[in-house]
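> All I have is the shape, not the residue letters:
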């Protein structure tokens, strides 16, 4: 289960096809990981998925609730990993979420650069996107309301919902399928979009677009790979995870879809263009998703957020 569009294509070209060629194991790739469906599969003992491509909060919540298989030792070169393997998760790459725009329509000074700009509709009028999920969206609301990145957690949930209520009329689309964060910009259906650096990188490369992305402030996180508890193809799924963390395939996958590898040895294999799009983990203006906080909070807040969207 992965995230569609040029991201999915990058996963297939940079990872899935080499894996099948080397092992003979066929991989069926499906779009849009969904934790509610994971829970349903686990609780009904009708598991249909094997590998889950999980943003940190989803991965941590799944580990908290016992949705993943424990990862055996010996799958990975632990000395090569910039972030350590966890009991149920292996870090796959790091990502940067931020503000995208069309510079032909909104040149310098006319588009938001920070999340405070993004939530300031008076100074930067226009239609926006936000994700149709609590994780990331609550963080963005608080950063947009002036909370310093260092003071973000524990999230002030009530304040976040108040901020979202204010900006709600200017949100053209609450996006579930990640590729829409880019296509809505391309078609002119939105003026600005919360999306990911790797998505804009791939779009500009593959479709010859010239979309802009602000690195002035980003919301950074870790993407993980997990294997569902009682996965129907558990052993092959574990082989896939092991393969995905090898330096040459970390490099080929991230080169194809964007993102910062977890393998140390992958970095010298990346092109100069890919290196330019990697998230800045040092800037104090950038925020980092706290996966531990989300572990026990994701399910109730996702329910509340879905109900709020329908209200």
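Received, thanks. Keep in mind the model is a prediction, meaning the values are calculated, not measured.
> Pop the domain breakdown of the chain in here.
5-94+221-276, 97-218+291-310 (automatic domain parsing).
> Distance of residue 265 relative to residue 82?
According to CB to CB, to the nearest Å, residue 265 and residue 82 sit 10 Å apart. Every C-beta, even on glycine, is put in place using the N, C-alpha and C of the backbone.
> for the helix-or-strand element of the chain with minimal mean pLDDT, which positions count as buried?
Ranked by mean pLDDT, DSSP states H and E, the helix or strand of the chain with the weakest confidence is helix 197-206, at a mean of 91. Neighbour counts using 16 or more other CB atoms under 10 Å place 197, 198, 199, 200, 201, 202, 203, 204 of helix 197-206 among the buried residues.
> What distance do you get for residue 10 to residue 277?
Separation of residue 10 from residue 277 (CB to CB) stands at 13 Å.
> what do those two both touch?
Contact with both residue 10 and residue 277 is made by residues residue 258, according to CB atoms under 8 Å, 6 or more residues apart in numbering.
> ok, residue 182 - how many residues close by?
Counted with other CB atoms under 10 Å, the neighbours of residue 182 add up to 26.
> could you pull out the strands for the stretch 201-311 of the chain?
According to DSSP state E, counting those that start in this stretch, the stretch 201-311 of the chain carries its strands in the segments 212-213, 219-227, 260-261, 287-288.
> Find me the pLDDT at residue 68, would you?
Looking at residue 68, its pLDDT is 98.
> please begin residue numbering at 47 from this point
Yep, numbering from 47; the last one is residue 114 now.
> What's the local residue count around it?
Around residue 114 sit 25 other residues, with neighbours defined as other CB under 10 Å.
> on that earlier part again, what about the least confident helix or strand of the chain, distance to the chain center?
Computed by CA atoms, centre = their mean, to the nearest Å, the chain-centroid distance of helix 243-252 equals 14 Å.
> Same check on stretch 199-207?
21 Å.
> And stretch 103-119, by the same measure?
17 Å.
> One more: stretch 233-244?
15 Å.
> residues shared between the contacts of residue 311 and residue 128?
Counting by CB under 8 Å, 6+ apart, residue 311 and residue 128 have no shared contacts at all.
> what stretches of the stretch 97-246 of the chain score poorly on pLDDT?
The model of the stretch 97-246 of the chain has no residue with pLDDT under 70.
> ranges for the helices of it?
Per DSSP state H, counting those that start in this stretch, the stretch 97-246 of the chain carries helices over the ranges 102-111, 161-164, 180-190, 203-213, 226-232, 243-252.
> got TSV for the ones you listed, with distance to residue 142 too?
TSV is the format used below for those (distance: least, CB to CB, whole Å):
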stretch	distance to residue 142
helix 102-111	13
helix 161-164	13
helix 180-190	12
helix 203-213	21
helix 226-232	13
helix 243-252	4
